[in-house]
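Novice: compute the structure for the input listed below.
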Amino acid sequence: MKRQWIVWIAVVALVVLSLGCSLFGAKATKEPGGVAQPTAASEAPASGKETETPEAETEEETSESDDESFDIDADALEGLDSYRMQMTWSFTADDGTVEEFSIEEEATRDPAAQRYTMTSADQSMEFIRVGETQWMRLGEDWMQTSVSADDEMGQFGQFVQPDQMFSDADKDSYKYLGKETINGMNTRHYQLKENAWNTSWNLMATEVEEGSMELWIVDEKDLPKIAARFEINIKGTFSDERKGELFLTWEIFDVNADITIEPPAEAEGMGLPEGLDLCPDSSNMTVMGKMTIFNCAGTVEDTATFYTEALENAGWDVEGEVTSLEGMMMGTWKKGDETLSVTITKDDTTGGSNVMLTLGE
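Specialist: The predicted model follows:
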């Protein structure tokens, strides 16, 4: 299960980054034989978030320098206090089979917190980080871990940033289509020109019959120039030799809204048994079900003394014999109907100790 999720996340990241490096910034090149030249679609499929309302414009009213200019901030999300994002990937094969998954993200800067949800037809994953604690759910089970303040995954706007992908784009590859309102924000609407498509598109399709890429850039005085939405639509034959239509959409909304991200309700009670504290200078705590693992700076002997005394003070009675060997201590304690298995081993890397506490009945 874990390996499947790692692969899934890697695939999503590679698809987005590959498109960003090879398509969004592509120079116009000639397609080789065997790959059909796609045509730019006149309309992109609706995402279902908010009705887009194009503003009436004439060529005389459009300022080429202001409105047709292709300008986007590479680190645009750094200028936001909070936001929500959604990315949806959908493939409909010619035989009617539909495959899809979605990623939803929300983030706040103060307090620093993130929440990601990934969903497909048969799997789901959720990630929540608040401060220096994070939780991850695979299916129905939650895992809690401690993280450092500078951990990259928890930095604001680190998961998917189309602004960085588009910032180096070839400006001449995009056609300006006008102004629209997307999720309550004024935007400039662009479309990838037909002659800007190149062979890099073969990263996703071996033969393209039709294709389009649409981009909306926020045009607000009090907001950075962020990508409000982008949509990719491809009809053709894909690497697994299946024919069909692929649609990828990404959009940002609830920009600078009042968003609250909290630990999952299931996290209540996760961690050490009542009455026990982490050892001094503890690190790398992980909680999986009723098992808690962490590191202590002290030696096995010092850590064993710390928890032997702490368990006695918290009302736990030792059950059976405590095994003490060089570099290891193992024992079981009982309190009421609960049992607690304690295993302390030497950490050969740091010279400290590794602790594993497992609750049972």
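Novice: in this model residue 357 seems to touch residue 273, though I could be wrong.
Specialist: Yes: between residue 273 and residue 357 there is a contact under Cβ atoms under 8 Å: 7.2 Å. Every residue, glycine included, has its C-beta placed from N, CA and C.
Novice: so the two - more neighbours on which side?
Specialist: Neighbours were counted for residue 273 and for residue 357 using other Cβ atoms under 10 Å; residue 357 has more, 22 against 17.
Novice: what is the three-state secondary structure of residue 302?
Specialist: Secondary structure for residue 302, judged by DSSP: H, G, I helix; E, B strand; the rest coil, is helix.
Novice: OK, contacts around it?
Specialist: 296, 353 (Cβ atoms under 8 Å, 6 or more residues apart in numbering).
Novice: neighbours of residue 180, how many?
Specialist: Applying other Cβ under 10 Å, I find that residue 180 has 18 neighbouring residues.
Novice: my bad, residue 174
Specialist: 22.
Novice: how about residue 100?
Specialist: There are 13 residues near residue 100, going by other Cβ under 10 Å.
Novice: now do residue 163, the pLDDT please.
Specialist: At residue 163, the pLDDT value in this model is 62.
Novice: okay, now the unreliable bits of this protein?
Specialist: By pLDDT under 70, the low-scoring segments of the chain are 1-69, 148-171, 194-204, 269, 361.
Novice: for residue 111, see how far away the residue nearest to residue 333 when sequence neighbours are not counted is.
Specialist: The shortest distance from residue 333 to any non-neighbouring residue, by Cβ to Cβ, 6 or more residues apart in numbering, is to residue 316 (4.0 Å). Here the distance between residue 316 and residue 111 works out to 35 Å (Cβ to Cβ, to the nearest Å).
Novice: more neighbours: these two, which one.
Specialist: When residue 316 and residue 111 are compared for neighbours, residue 316 comes out ahead with 23 against 9, by other Cβ under 10 Å.
Novice: let me see the contact set for the more buried one.
Specialist: 273, 275, 333, 334, 335, 340 are the contacts of residue 316 under Cβ under 8 Å, 6+ apart.
Novice: recalculate using a threshold of 10 Å.
Specialist: 273, 275-276, 307-308, 310, 332-336, 338-340, 342 (Cβ atoms under 10 Å, 6 or more residues apart in numbering).
Novice: residue 84 now?
Specialist: Here residue 84 is in contact with 104-107, 115, 183, 251-255, 257, 259 (Cβ under 10 Å, 6+ apart).
Novice: kindly report the same for residue 351.
Specialist: 297, 298, 299.
Novice: dump the residue contacts of the spatially closest residue to the first one that is not a sequence neighbour.
Specialist: By that I understand residue 297. Excluding the flanking residues, the one nearest residue 297 by Cβ to Cβ, 6+ apart is residue 281, at 3.7 Å. Neighbour list for residue 281: 295, 296, 297, 298, 352 [criterion: Cβ under 10 Å, 6+ apart].
Novice: do residue 352 as well
Specialist: 279, 281-283, 295-300, 302-303, 346.
Novice: ChimeraX command to pick out the buried ones of those?
Specialist: In ChimeraX syntax, the buried subset of these is picked out as below (16 or more other Cβ atoms under 10 Å):
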select :279,282,295,296,297,298,299,300,303,346
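Novice: residue 221: which of the contacts of residue 352 is nearest?
Specialist: Set against residue 221, the nearest of the contacts of residue 352 by Cβ to Cβ is residue 283 (45.7 Å).
Novice: what bridges to that closest one?
Specialist: Residue 283 has the following beta-bridge partners by DSSP bridges: residue 295.
Novice: that one against residue 353, yeah?
Specialist: No: between residue 283 and residue 353 there is no contact under Cβ atoms under 10 Å: 11.3 Å.
Novice: joint contacts of these two?
Specialist: Going by Cβ under 10 Å, 6+ apart, residues that sit against residue 283 and also against residue 353 are 294, 295, 296, 297.
Novice: check contacts around residue 94.
Specialist: So residue 94 contacts 235, 237, 242, 243, 244, 245 (Cβ under 10 Å, 6+ apart).
Novice: tell me where the stretch 151-300 of the chain has helices.
Specialist: For the stretch 151-300 of the chain, the helices defined by DSSP state H, counting those that start in this stretch cover 162-166, 300-313.
Novice: format these as TSV; extra columns: distance to residue 191.
Specialist: Converted to TSV, the helices of the stretch 151-300 of the chain look like this (distance: least, Cβ to Cβ, whole Å):
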stretch	distance to residue 191
helix 162-166	13
helix 300-313	62
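Novice: out of those, which is the most enclosed?
Specialist: Highest mean neighbour count among these (mean count of other Cβ atoms under 10 Å): helix 162-166, with a mean of 22.
Novice: thinking again about what came up before, and which of the contacts of residue 94 is nearest residue 218?
Specialist: Distances from residue 218 to the contacts of residue 94, taken by Cβ to Cβ, are shortest for residue 245, at 28.4 Å.
Novice: residue 248: neighbour count?
Specialist: Counted with other Cβ under 10 Å, residue 248 comes out at 19.
Novice: distance check, it against residue 180.
Specialist: Taking Cβ to Cβ, one finds residue 248 at 19 Å from residue 180.
Novice: also residue 72?
Specialist: Where residue 180 is concerned, residue 72 sits at a distance of 16 Å (Cβ to Cβ).
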